[in-house]
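[1] Okay, sequence plus prediction incoming.
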Amino acid sequence: MSSVEFQPRSVTEKSLQDLKHVLASPDYDAIALSYVSSESDILSVRKMVQDAGRTMPIIAKIETQAGLENLDRICQ
């Protein structure tokens with residue numbers, strides 16, 4: 001893991017469109033989210049899942065130093 005200050009956004013406009021598609025389809029049973037750096041990244045996706053009336057695990061891909069530092073809160 002690099003210590004370079006690079007903070008890509010975990011939830012982008014494209015990922016929001018993809019998430020809406022996933023939530024509307026019965027063909028998916030989990031969500032994988034890249035570049036998770038804080039608890040708020042997971043909470044925003046979890047809210048969308050709940051608002052859609054779905055229950056599915058969210059897999060957080062930790063790829064930044066910030067994500068590693070916030071790992072305990074991300075995993076709650």
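    Good, I have the coordinates.

[2] what about I59, is that helix, strand or coil?
    strand (DSSP: H, G, I helix; E, B strand; the rest coil).

[3] What about S34, how many residues nearby?
    For S34, the number of neighbouring residues by other C-beta atoms under 10 Å comes to 17. Bear in mind the C-beta positions are built from the backbone N, C-alpha and C, glycine included.

[4] That one and K20: what is the separation?
    S34 is 17 Å from K20, where distance means C-beta to C-beta, to the nearest Å.

[5] Could you check how far the residue nearest the centre of the chain is from R9?
    The chain has L33 as the residue nearest its centroid, 3.6 Å off, counting by C-alpha atoms, centre = their mean. Going from L33 to R9 by C-beta to C-beta gives 11 Å.

[6] Low-confidence bits of the protein, can you list those?
    For the chain, residues meeting the criterion pLDDT under 70 lie at 1-8.

[7] Can you show me the strands along it?
    With DSSP state E, the ranges of strands along the chain come out as 31-33, 58-60.

[8] Nearest to Q50, out of the ones you listed?
    Q50 sits nearest to strand 58-60 of all the strands of the chain, at 11.1 Å, using C-beta to C-beta.

[9] And that closest one, how far out from the chain middle?
    6 Å (C-alpha atoms, centre = their mean, to the nearest Å).

[10] Can you list the buried residues in it?
    58, 60 (16 or more other C-beta atoms under 10 Å).

[11] packing partners for that strand?
    Packing partners of strand 58-60 (3 or more C-beta pairs under 8 Å, 6 or more residues apart in numbering; DSSP states H and E): strand 31-33, helix 39-51.

[12] want to throw these into a markdown table with distance to I74?
    Formatted as a markdown table, those follow (distance: least, C-beta to C-beta, whole Å):
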| stretch | distance to I74 |
| --- | --- |
| strand 31-33 | 10 |
| helix 39-51 | 6 |
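
[13] Out of these, which gets nearest to L16?
    helix 39-51 (8.0 Å).

[14] Report the buried residues of the closest one.
    Neighbour-count burial for helix 39-51 [16+ other C-beta under 10 Å]: 39, 41-42, 45, 48-49.

[15] So what touches that helix?
    Defining contact as C-beta atoms under 8 Å, 6 or more residues apart in numbering, one finds that helix 39-51 is touched by 10-11, 19-20, 23, 31, 33, 35-36, 55-56, 58, 60, 70, 73-74, 76.
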